[in-house]
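1. quick one, fold the following:
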Amino acid sequence: MRRQRVSGDPSIWLVTIALLVMEAGTAAQLLAQELPHPREMGFTEVQIQIPDTARFEFRLENGLTGFAVQDGRMPLVQISAFIRVGTGDANKRGVAEVLAMLLRRGPCWMGPNRFREAMDRMAGKLTIVMTRNMTEITLNVPTEDAAQGIRIFSGIIRAPCIEQDGLEEFRRRGVSAPTPPVDAVVENGSLELAVDLFNRRLFEGHRYSEVITSEDAAAITIEDVEDFHRDFFSPGNMVLAVSGALDAGALLSEVDQRFADWETRRLPRLQTESDVRTPPRATYRYRSDKLQTWIVIGHELPRVSPDDLPALQVMNYILGGGHFDTRLFREARDKRGLTNDASGFLEFNLRGPGTYTFRTYGRHEVAQQLIDLTFAEIERIRSELVSEEELLVAKGALTDGEFAMKFANGHAVARTFAQELARYGTFRHLFGYVRRVRSVSREDVRRAARRYLHPERMAVVIVGR
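-> From the prediction side, this is the model:
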């Protein structure tokens, strides 16, 4: 209904009230109509056009590959690097985390203070995300600062300031707190803490453990960090994505100027990590004197083949996939008002196990009910076929929604291609994704649930009273 500004004139008041009554009546008539089912509305299937990668791909003589896309809708230039290495690939725990911290200080030729001043002057934004098997570095600057921005970006990647004072800072700040014993009192309750405690339990003793002890930090040397950077930050081990309100030729010229003389190296072999396996269902309780309780339920996620991925994603979208119409959300939030969120999270790693977790929170007295509801819905999707309507919505959301957004603008296109090439070394999975999702059947969904959901050995982490 439209909002209308009403003056103090009584005649205007009467006219406005009449309009509101008419609008309400029209709305009631529309609601009373027998509307057709979406399947009967005659919608044509959305044709998602993936651009030709060859239009944007470039390759320097040193082996550095990337994608450059011109997009003038915003006066910005963005450059990202996807580097095939992460925290799970270092020979010593903490070495990759030290490097990630030092990269944020800018190029060594600038120093941290000049770098911060330059970023403030340009209103630039640097983002560094290091997962267990991949590092993504992105710099966003105004178009007029493109040349300076790409120069700084190359310096961050090629010549970060790996110095002793940075290592000492990491030793002061980067050491993990000890994992509290079960039933310990924790000072700060939160969903983030519950997820951290879940990961600690799951990956305890594994190479993917994120716990860095004071002994780990003390054993790291500057040479360790330099070797890790030199070995893996190499032209042949990364893919660039460049976009912005500049001609693609101008973007490529800047990239060539800053990266062409970078010597490529033979890469050390990146090993595949062993799986982890949760024991029979166990509960870990941590007491926190807060107003609510946070809950994480889940287990490891084995490496998922690209062929299995569509059915798994469709299944998770229906069960708990981070939107307002999942089975978990309807049961816990809409029907019972127990929580503001109940979602499922698929987290993958390229060369080792990931996690499949269900996360929720609520008042202390409903915590057990939330846990029971989560397990009931997991059991239901493993035992029963999903409805045709659920399947229709999930497939449409994943293809016409999430997948289509990968090509929504210039940087999305460049980033999507770069990320895909860095992950798989091919575009076969990307170009076949929509077809595979649309071919997922109800039986495929149940098969994925039975293969990737094992409620009998899920860990339950509870942070609360």
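
2. show me the contacts for Tyr452.
-> Tyr452 makes contacts with Leu301, Pro302, Val304, Leu312, Met315, Tyr356, as judged by CB atoms under 8 Å, 6 or more residues apart in numbering. For the C-beta atoms, the positions are set from N, CA and C on the backbone; glycine is no exception.

3. which residues does the residue nearest in space to the middle of the chain bridge with?
-> Geometric centre of the chain, nearest residue: Glu347, 8.0 Å, by CA atoms, centre = their mean. Using DSSP bridges, the beta-bridge partners of Glu347 come out as Thr355.

4. distance of it from Gln369?
-> To Gln369, Glu347 is 26 Å away according to CB to CB, to the nearest Å.

5. neighbour-wise, which of the contacts of Tyr452 leads?
-> Highest neighbour count within the contacts of Tyr452, by other CB atoms under 10 Å: Met315, with 29 neighbours.

6. for stretch 339-356, buried residues please.
-> Burial within stretch 339-356, assessed by neighbour count using 16 or more other CB atoms under 10 Å, is assigned to 339, 341-346, 348-356.

7. circling back to that earlier point, can you redo the contacts of Tyr452 as CSV with pLDDT and secondary structure?
-> Shown next, in CSV, are these (pLDDT from 0 to 100; DSSP: H, G, I helix; E, B strand; the rest coil):
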residue, pLDDT, secondary structure
Leu301, 95, strand
Pro302, 93, coil
Val304, 91, coil
Leu312, 98, helix
Met315, 98, helix
Tyr356, 97, strand
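
8. now the strands for the stretch 1-150 of the chain?
-> 57-59, 65-70, 76-83, 125-130, 135-142 (DSSP state E, counting those that start in this stretch).

9. chain center to the first one: distance?
-> So the one you mean is strand 57-59. 26 Å (CA atoms, centre = their mean, to the nearest Å).

10. tell me the average confidence for it?
-> Average pLDDT, strand 57-59: 96.

11. what pairs with that strand, parallel or antiparallel?
-> strand 65-70 (antiparallel).

12. I would like the residues contacting the strand it pairs with, please.
-> Applying CB under 8 Å, 6+ apart, the contact partners of strand 65-70 are 53, 56-59, 239-248, 251-252, 255, 410-411, 413-414, 417-418, 421.

13. returning to what we had before: quick check: the residue nearest to the centre of the chain vs Pro353, distance?
-> Taking CB to CB, one finds Glu347 at 10 Å from Pro353.

14. what about the contacts of strand 65-70, which are in helices?
-> Members of the contacts of strand 65-70 lying in helices (criterion: DSSP state H): Ala248, Leu251, Leu252, Val255, Gly410, His411, Val413, Ala414, Phe417, Ala418, Leu421.

15. please verify my assumption that the fourth one contacts Ile150.
-> Right, the one you point to is Val255. Yes. Val255 is within contact range of Ile150, at 6.5 Å (criterion: CB atoms under 8 Å).

16. helix, strand or coil: sort out Glu300 for me.
-> For Glu300, the assignment made with DSSP: H, G, I helix; E, B strand; the rest coil gives strand.

17. wait, doesn't Val445 sit right on Val386?
-> Yes. Contact criterion CB under 8 Å: Val445 and Val386 qualify, at 5.2 Å.

18. and these two? which has more neighbours close in?
-> Taking neighbours as other CB under 10 Å, Val445 and Val386 compare with Val445 leading, 24 against 21.

19. so what's that one up against?
-> Applying CB under 8 Å, 6+ apart, the residues contacting Val445 are Ala311, Val314, Met315, Ile318, Ile381, Leu385, Val386, Leu391.

20. how much space between Phe198 and Glu210?
-> For Phe198 relative to Glu210 (CB to CB), the value is 11 Å.

21. compare these two (neighbour count), which wins?
-> The residue with more neighbours, out of Phe198 and Glu210, is Phe198; 23 against 15, by other CB under 10 Å.

22. can you give me the buried ones in the helix or strand encompassing the more buried one?
-> Using DSSP states H and E, Phe198 maps to helix 191-202. Neighbour counts over helix 191-202 (16+ other CB under 10 Å) mark Leu191, Leu193, Ala194, Val195, Asp196, Leu197, Phe198, Asn199, Arg200, Arg201, Leu202 as buried.

23. helix or strand next in line after it, which one?
-> helix 214-219.

24. list the buried residues in that following helix.
-> Asp216, Ala217.

25. which residues does it contact?
-> For helix 214-219, using CB under 8 Å, 6+ apart, the contacting residues are Lys92, Arg93, Gly94, Phe170, Arg171, Gly174, Val175.

26. how far is that helix from where the chain is centred?
-> On CA atoms, centre = their mean, the centre of helix 214-219 falls 30 Å from that of its chain.

27. for the following helix or strand past that helix, which helices and strands make contact with it?
-> Next helix or strand after helix 214-219 toward the C-terminus (DSSP H and E): helix 222-232. Counting contacts by 3 or more CB pairs under 8 Å, 6 or more residues apart in numbering; DSSP states H and E, helix 222-232 is packed against helix 95-103, helix 164-173.

28. the inter-axis angle of the last one versus helix 95-103?
-> Using axes from the mean of the first three to the mean of the last three CA atoms, to 10 degrees, the interaxial angle of helix 164-173 with respect to helix 95-103 works out to 120 degrees.

29. so helix 164-173 versus helix 222-232, what angle?
-> Going by the same axes, to 10 degrees, helix 164-173 makes 100 degrees with helix 222-232.
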